[in-house]
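J.: could you work out the structure for the sequence below:
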Amino acid sequence: MSVRRPSRRDVVRASAAGTAVALGATPLLSTPASAETRPVCSASGPGGPMRITPDCDDPQYDRPVIDSEEDLTTPVRHRKVSGHFEGTSKKFTIYLPPKKQWQGRFFHKVYPTQDEQAPDALVAFGAASGAYTVQTNGGIGYRVEAAAAKFSRTVAAKYYRSGRRIYGYVYGGSGGSYQTIGAIENTVGVWDGAVPFIPGSPVSVPNSFTVRALARLVLRDKAARIGDAVAPGGSGDPYAGLDGVERAMLREVSTMGVPLRTWEDYSYVLRLPVDPDNLLGIGAIVRGIDPTYADDFWSKPGYLGTERSPLGDLVRAARIDHTATVTEVRRDAGGMPTALLLDSVPATEIRTPLDFTVRSADGTTSIGTLTGSLDVAAKVFTLAAGNSADVLKALDSGDRLRADNHWFLALHAYHRYQVPTRPGLYTFDQYRGPDGKPLYPQRAVQIGPLVSANTSGGGTHTGKVNGKVIVVANLLDPDACPWPGDWYGTQVKQAMGGRFDDTFRLWYNDSANHLEEPPTGAGTNRLVDWTGILEHALRDLCAWVEQGRAPARTTSYRVSDSQIAVPARARARLGVQPVVDLTAHGRDRIEAVAGRPVVFRARIETPPKAGRIVAAEWDFTGSGTFTAHPCGPARETAEVQASFTYDRPGTYFVALRATAQREGDAHTPFARVRNLGRVRVVVR
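T.: The predicted structure is shown next:
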C-alpha cells in the first residue's frame, strides 16, 4: 500500500474491543492546523541542537503513521498503538490504559538501542501510576522521542475523548541519561519533567573505562586485598600492602571517581576476565577518530609509553609483539578455515586483548586482519565468526600471524591525554600542574564531548532545563560513577539560579551499581535492584509538577577527591532510600564459634517524606537468597533482631535487606525502594 501524506484532519479509526486493526497509512499529527501554517523546528543557534516545541514540526519526523491498534489484557488491560515515522526506520508504540484508570499523564523511557516494544513491567507500572506509556526504537538524540511524545498526545486525546492537558515525563539511564538531559534542555512543552538516572558526564566515555583498564594492569594481583579492606568488617585501609606504583594507581582511579567501595566486586571494577571487545567497543571509536594515537604513545616524549618511571616500565613490560608461523590450517567440512596451528606463542603473560594480522609466508604481502582466541598452551588460534571470507580463503600453511597489543595497551592511559577544556570537571584536576595546564600531551580531539553530544542529540549539559528534574545516581557505580550527578547539579544551579530548589533534586542510591538487574547467587548480597527508586522518582515528579507537592530533598553528601560520601543516619542523609544499621553483637565484624548462635540487631530508618518500611529480609550465609522477616506494620522506623547458628567454619557476609514504599503499601510491586545493611561473621 502506498503511503500518502495526510491532511491534518485525518483521524484514528478506533478498533473494536479485542481485535487488531491495521490502519496502514492513517496518520495522526499533533494539531488540527494545516501543514502550511506550522513552522519547522530549527536550531536555537548556529550549529546548535534543534529546539522543539509543540508549535513546530521536526522535518525528519513530521509524518507519523499508525500501523496497527489492538486491545490487550496482558500485562494489564490497555490499547496498544503501533506505528512508524514515514521515510525513516523509527518506530513507536503507545500503551493506553482504560480511561477510568488514566490520570492525564504519560511516561516515556528512552535509550539509544532499545526496542519499540516496552517491557511488560513498564506498561504495568505506567497503568498503575495513571499514565500511558510511550516507547520508540531509540537511536541517538531526542528528536524522534520528542516527535513520538507530541504525537502520543493526539492519539491519547482521541482515544480518551478528552481535551484535558496531558503531562509528560521522560526518563532514561546510562546512555539514555544523555538523551533525557538533551530532551529536557532542548525542548519546551514536550515533557514537563525528567528523571535522568545513572548519569554520565560529558567526559565519561572513554575515560571511566580506560582508567580502570590501567588500574587492572597495575592492581590486578592486589585487587582481592583491596576488596577485602573495603568490605564490611574490613580494615578500612585499601592502600595497606600496596607498593608505591600501586598506591599511586589506586589514588588515580579513585580520584577519577571510581568508588572505592566498589572494589569489593573487583572483577566488575576491573572487567575481569578482560573485555575482548576493546573496552566495550570504545577502542574502535578511539581508533577511528584518533588513528595516530598509538604510534605517538610509543614513540613521543610525554606519553606513558616512553616515560622513564616505574609505571612506564610496567606498561612497556606488558607489550606483546609476536610473529608466529602457521604450521597447519584446520578446516571444516566445507573447506573454510576454523583454526590455525602455530609454531610459537608469546612468552609474556597475556593480560590484554590482542590484534591479529596475517601476512604471506615471505612477509611481503598483507593478507588481512583476523579475530579469534589464542590458546597459549595448545599453540592454537581459533578463528571467531565474522572474519572476512576473502581473508579466510587466502590462509595457508607457512603464513605469518602477528599478535600484538600496542593499540589496546596504549588505550589504558588515553584519559591522561584528554584533560577537558570545559571547567568544573574536577576528576581531571589531578592531571593539571599548579599553573592549571595539563601535565601530559593532549590529543587534538576530545572524544568524550563528541560522544556525549552525539548521544544526547547535540545537548551540552548546560543545566538550562525546561521542566522539573530528579536525578538518581548509584553510589556503587564504577561505569557512570556517582560524581556526574553532583557535577550536573552544579550546572543546573548555575543556570537556574533562584529557581534551582523548585527545579532540581539529586537522590543518591546506595548498595547499587550500574546494572539494572543485580547478579544473583553466592556472594551477591551486596547489591539491590534500583528499579524501585526510579519508580518513586517518577511518581514524585508527577506530584511535583501537577500538584506543586515538593519531593524529598536532595541527598546530603560531601565530595572528597571525587568520592561521594553520605551520612550514616537517614534523617541526615535525606533522599528517599532507607538506611539499615546492622550489627552483630554491636559490631560490623565478629568472630564466632560454630554451633553457637550469633545475634544480629538492626535499626531501619526512612528519610523524611520518603515513605514507610514495608519489608525486611535476611541472608545469613551470603548465598544471595533472602528470607522474609516480620517487621510489623508499615512505619518510618523499625527495630529488627534475629539470631543464627553456623554449623561450619568460614567467613560469612550477612545482609539485611529493607524495603520502603512511597505510600507504605506492602503489597504493591511498584516504588519499592531497597537498601542493605551488612556485617562480616568469621566462624572458627
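J.: list the buried residues for stretch 53-63?
T.: For stretch 53-63, the neighbour count (16 or more other CB atoms under 10 Å) marks 56-58, 61-63 as buried. Every residue, glycine included, has its C-beta placed from N, CA and C.
J.: where's the nearest residue to residue 565 once chain neighbours are set aside relative to residue 483, distance?
T.: The spatial neighbour of residue 565 that comes closest, neighbours along the chain excluded (CB to CB, 6 or more residues apart in numbering), is residue 558 at 5.4 Å. Distance, residue 558 to residue 483, by CB to CB, to the nearest Å: 12 Å.
J.: these two: which has the busier surroundings?
T.: More neighbours surround residue 483 than the other of residue 558 and residue 483, with 24 against 10 (other CB atoms under 10 Å).
J.: how about the contacts made by the more buried one?
T.: By CB atoms under 8 Å, 6 or more residues apart in numbering, the contact set of residue 483 is 201, 257, 426-427, 559, 562, 564.
J.: try 10 Å this time
T.: Listed by CB atoms under 10 Å, 6 or more residues apart in numbering, the contact set of residue 483 reads 201, 204, 208, 256-259, 425-427, 473, 477, 559, 562-564.
J.: I'd like to know which of these are buried.
T.: For the contacts of residue 483, a burial check counting by 16+ other CB under 10 Å picks out 201, 204, 208, 256-259, 425-427, 473, 477, 562-564.
J.: in strands, which of the residues you listed fall?
T.: 473, 563-564 (DSSP state E).
J.: so how many other residues sit close to the residue nearest to residue 515 when sequence neighbours are not counted?
T.: Sequence neighbours aside, residue 527 is the residue nearest to residue 515 in space, at 7.7 Å (criterion: CB to CB, 6+ apart). The criterion is other CB under 10 Å. On that basis, residue 527 has 22 neighbouring residues.
J.: quick one, strands of the stretch 351-500 of the chain?
T.: All strands of the stretch 351-500 of the chain, identified by DSSP state E, counting those that start in this stretch, fall at 355-359, 366-370, 372-375, 380-383, 400-404, 468-474.
J.: look up how far residue 571 lies from the nearest residue to residue 234 once chain neighbours are set aside.
T.: If the residues on either side of it in the chain are set aside, residue 234 comes closest to residue 228, at 5.3 Å by CB to CB, 6+ apart. Using CB to CB, we find residue 228 at a distance of 32 Å from residue 571.
J.: what does residue 244 give?
T.: Taken as CB to CB, the span from residue 244 to residue 571 is 42 Å.
J.: more neighbours: which of these two?
T.: Legend: neighbour count by other CB under 10 Å for residue 244 and residue 571, higher for residue 571 (14 against 9).
J.: show me what contacts that one?
T.: If you count contacts by CB under 10 Å, 6+ apart, then residue 571 has 556, 579, 605-608, 636-637 around it.
J.: did I read that right, it in a strand?
T.: No - checked against DSSP: H, G, I helix; E, B strand; the rest coil, residue 571 lies outside a strand; its state is helix.
J.: residue 605 versus that one, what's the distance?
T.: Distance of residue 571 to residue 605, given as CB to CB: 7 Å.
J.: kindly report the same for residue 76.
T.: 34 Å.
J.: hang on, the earlier thing: tell me, what's touching residue 571 and residue 605 both at once?
T.: Contact with both residue 571 and residue 605 is made by residues 579, 636-637, according to CB under 10 Å, 6+ apart.
J.: in CSV, list the contacts of residue 571 along with pLDDT.
T.: Below are those laid out as CSV (pLDDT from 0 to 100):
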residue, pLDDT
556, 98
579, 98
605, 97
606, 97
607, 97
608, 93
636, 95
637, 96
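J.: pick the one among those residues closest to residue 409.
T.: Distance to residue 409, by CB to CB, is smallest for residue 556 among the contacts of residue 571, at 41.9 Å.
J.: burial measure for the closest one, as a count.
T.: Neighbourhood size, residue 556 [other CB under 10 Å]: 14.
J.: can we start the residue count at 572 from this point?
T.: From this message on, residue numbering opens at 572, which makes the last subject residue 1127.
J.: please name the residues that touch it.
T.: 1079, 1137-1138, 1142-1146, 1178.
J.: where does residue 918 land in three-state SS?
T.: Three-state assignment for residue 918 (three-state DSSP): coil.
J.: what's across from the nearest residue to it once chain neighbours are set aside in the sheet?
T.: The shortest distance from residue 918 to any non-neighbouring residue, by CB to CB, 6+ apart, is to residue 893 (7.9 Å). Judged by DSSP bridges, the bridge partners of residue 893 are residue 974.
J.: and the pLDDT at the nearest residue to residue 950 once chain neighbours are set aside?
T.: Nearest non-adjacent residue to residue 950, counting by CB to CB, 6+ apart: residue 913, 4.8 Å away. pLDDT for residue 913: 98.
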